[in-house]
Structures are given as C-alpha cells and as structure tokens.
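# Show me how the following folds:
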Amino acid sequence: MTDINTIKSLRNNHDKSINDIAPALSTNLRTAKKYADQPVWPKSSKKIERAKSI
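Numbering: from 1, shown residues only. Okay, here's the model as predicted:
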C-alpha cells in the first residue's frame, strides 16, 4: 500500500513521469501506470463473517 501512495504522490505532487517513477521504485512500468492513473484508492476487502453451524 505504501508503494501506491508513493506512486500517486510522485505523479500528482511532484509531476514525475511514469518512466521516472518505475525505475526509482523498482516496479514494472505497467504497475506504476496502473496506480498513478487510478482515480480512486483501491478499497480493502472486508472479511465476511458467516454464522457458525450448530
């Protein structure tokens, strides 16, 4: 999750390009682009609790 925050911060606040971000964080170019261009933060999934059988 910290990589996502860093990628978005570098892209939005520091005007870095995807080509600069990917090698700096040692990530794939596609991964950096995916998270930099994502409009909404990814939601964490909640574990669904099921009723225990008797």
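# Can you list the buried residues in stretch 9-27?
Buried residues in stretch 9-27, counting neighbours by 16 or more other Cβ atoms under 10 Å, are found at Leu10, Arg11, Lys16, Ile18, Ile21, Ala22, Thr27. In short, each C-beta sits where N, CA and C put it, glycine included.
# How far away from the center of its chain is it?
Computed by Cα atoms, centre = their mean, to the nearest Å, the chain-centroid distance of stretch 9-27 equals 12 Å.
# go on, stretch 45-54?
On Cα atoms, centre = their mean, the centre of stretch 45-54 falls 28 Å from that of its chain.
# cool, stretch 19-32 as well?
12 Å.
# C-alpha coordinates for the helix ranked longest in the chain, PDB please?
The single longest helix within the chain, with elements called by DSSP state H, is helix 2-12. Provided in PDB are the C-alpha atoms of helix 2-12 (Å, rounded to 0.1, in the frame of the first residue of the first chain):
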ATOM      1  CA  THR A   2       2.900   2.400   0.600                       C
ATOM      2  CA  ASP A   3       4.100   1.900  -3.000                       C
ATOM      3  CA  ILE A   4       0.700   3.000  -4.200                       C
ATOM      4  CA  ASN A   5       0.800   6.100  -2.000                       C
ATOM      5  CA  THR A   6       4.300   6.900  -3.200                       C
ATOM      6  CA  ILE A   7       3.500   6.400  -6.900                       C
ATOM      7  CA  LYS A   8       0.400   8.700  -6.600                       C
ATOM      8  CA  SER A   9       2.300  11.300  -4.700                       C
ATOM      9  CA  LEU A  10       5.200  11.400  -7.200                       C
ATOM     10  CA  ARG A  11       2.800  11.600 -10.100                       C
ATOM     11  CA  ASN A  12       0.400  14.200  -8.700                       C
END
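# So which of the buried residues of stretch 9-27 belong to helices?
Leu10, Arg11, Ile18, Ile21, Ala22.
# can you put these in a markdown table and add distance to Thr31?
Output for those, formatted as a markdown table (distance: Cβ to Cβ, whole Å):
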| residue | distance to Thr31 |
| --- | --- |
| Leu10 | 13 |
| Arg11 | 13 |
| Ile18 | 10 |
| Ile21 | 10 |
| Ala22 | 8 |
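# follow-up on the earlier one: got the buried residues of stretch 9-27 as CSV, with distance to Lys52 and pLDDT columns?
Below are the buried residues of stretch 9-27 laid out as CSV (distance: Cβ to Cβ, whole Å; pLDDT from 0 to 100):
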residue, distance to Lys52, pLDDT
Leu10, 46, 89
Arg11, 46, 87
Lys16, 50, 88
Ile18, 48, 91
Ile21, 47, 90
Ala22, 47, 91
Thr27, 42, 91
